[in-house]
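Enquirer: Sequence and predicted structure below; questions after.
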Amino acid sequence: MQLLPLARALWPGRIVEQSLALLIFLLVPYNHSIHHYRDVPVVLACSAIFLLAAHWLRKPATLGARDVAWVGGAMLLGVWSRTEVLTFVGVMVLLGLLIWRRGALPSVAMYASAAVVVVGAFLLVNRLEGVDPAEAARYQWHTFLDSTPESWLSAQCRAEPTENCRERDGLTYFGPAQPEAGVVPMVLAHPLPTLAKTAQSGFDNLWIVFGPNLSTFPGVVPFVVVVLALAPVRAVLAMVPPTHWVVALAVVAETVLPPLSWAPPHPQYHLQLVLAAIVVLVPVLLGLSQAKRGQTLAMAFLAAYAALSAFRYTRYAGY
């Protein structure tokens, strides 16, 4: 239950906010899909992100051994499970520097040091265990080409998509390339196609998880749009504290930036987006509860999501 320390960090001593965060977590249809939870490393990486967000949002005045242990342990859990956790951490600390500048330096230094140590230990263990670098490079090469955007594929491959045809079509944009060389030579040799692929894949990832698919977050974006239409934009944005926006944007950045934008658009890779929904929706729902019309809108959202969640729970795995 990594959400518990997160909720306490977000709203210490405020049982209503904590309960609402847990309620949203339970109602998200994403949480009722075995398909999205079948990948244990993804679940562990998501747990690490929840723990890191909990620490970041607490913003302790002074850092001690407990903070080092918390961040180091969470970083170890996350990075050793999925390397895209580094994207989340990097964007979070960068945004922290841009907003709080010197005030964020101690935390940034601790996060950066923990990342360096964890990555170094990971590479050392791989070396000691005899992991074949050429095989790892081949896997990266295949993953990059296998994630060629659907709109870039040939008509034949779109009709019957397979890993082999996506790899073959991808080489028309990024080849010739040797599998044992990995991703770096392809990226350096084709910088503009790489940027275009990253942007297209990032958009595709967001559409898959926030679009009409009932297994994910089909109601979040329409709800926010309705709220913005019914209330002044500045007032709605003010409901969400800056620390919440930093965490939410870092979570979204993990989805739209490499390495996830260089991987096939499988929804289970984006489980961390539950966090973005929570840190934004809780303040918005609480703000709406201050007005009668807002209360109706908030209750309608929760009721609709409960129905979606119940419907999803009755479907077969992977729907």
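Expert: Received, thanks.
Enquirer: Ser47 reaches Gly73, doesn't it?
Expert: No - distance between Ser47 and Gly73: 11.0 Å, which falls outside the contact criterion (C-beta atoms under 8 Å). Glycine gets a C-beta too; all of them are placed from N, C-alpha and C.
Enquirer: which one of the two has more residues nearby?
Expert: Counted by other C-beta atoms under 10 Å, Ser47 and Gly73 do not tie: Ser47 has more neighbours, with 19 against 15.
Enquirer: any idea how far Ala74 is from the more buried one?
Expert: According to C-beta to C-beta, to the nearest Å, Ser47 stands 8 Å off from Ala74.
Enquirer: again with Val284
Expert: 27 Å.
Enquirer: same thing with Ala136?
Expert: Separation of Ala136 from Ala74 (C-beta to C-beta) stands at 24 Å.
Enquirer: Val280 too?
Expert: With C-beta to C-beta as the criterion, Val280 and Ala74 are 22 Å apart.
Enquirer: Compare neighbour counts for these two and give me the winner.
Expert: Neighbours were counted for Val280 and for Ala74 using other C-beta under 10 Å; Ala74 has more, 24 against 21.
Enquirer: Helix or strand for that one, just tell me which one.
Expert: helix 65-79 (DSSP states H and E).
Enquirer: So which elements touch that helix?
Expert: helix 40-58, helix 85-100, helix 105-129 (3 or more C-beta pairs under 8 Å, 6 or more residues apart in numbering; DSSP states H and E).
Enquirer: Please work out which of those is packed deepest.
Expert: Of the helices and strands packed on helix 65-79, the one with the most neighbours on average (mean count of other C-beta atoms under 10 Å) is helix 40-58, at a mean of 21.
Enquirer: So what's the model's average confidence on that helix?
Expert: The predicted model gives helix 40-58 an average pLDDT of 90.
Enquirer: repeat for stretch 165-178
Expert: 92.
Enquirer: Equivalent analysis for stretch 81-88, please.
Expert: Rounded mean pLDDT across stretch 81-88 is 95.
Enquirer: got it, and stretch 202-212?
Expert: For stretch 202-212, mean pLDDT rounds to 89.
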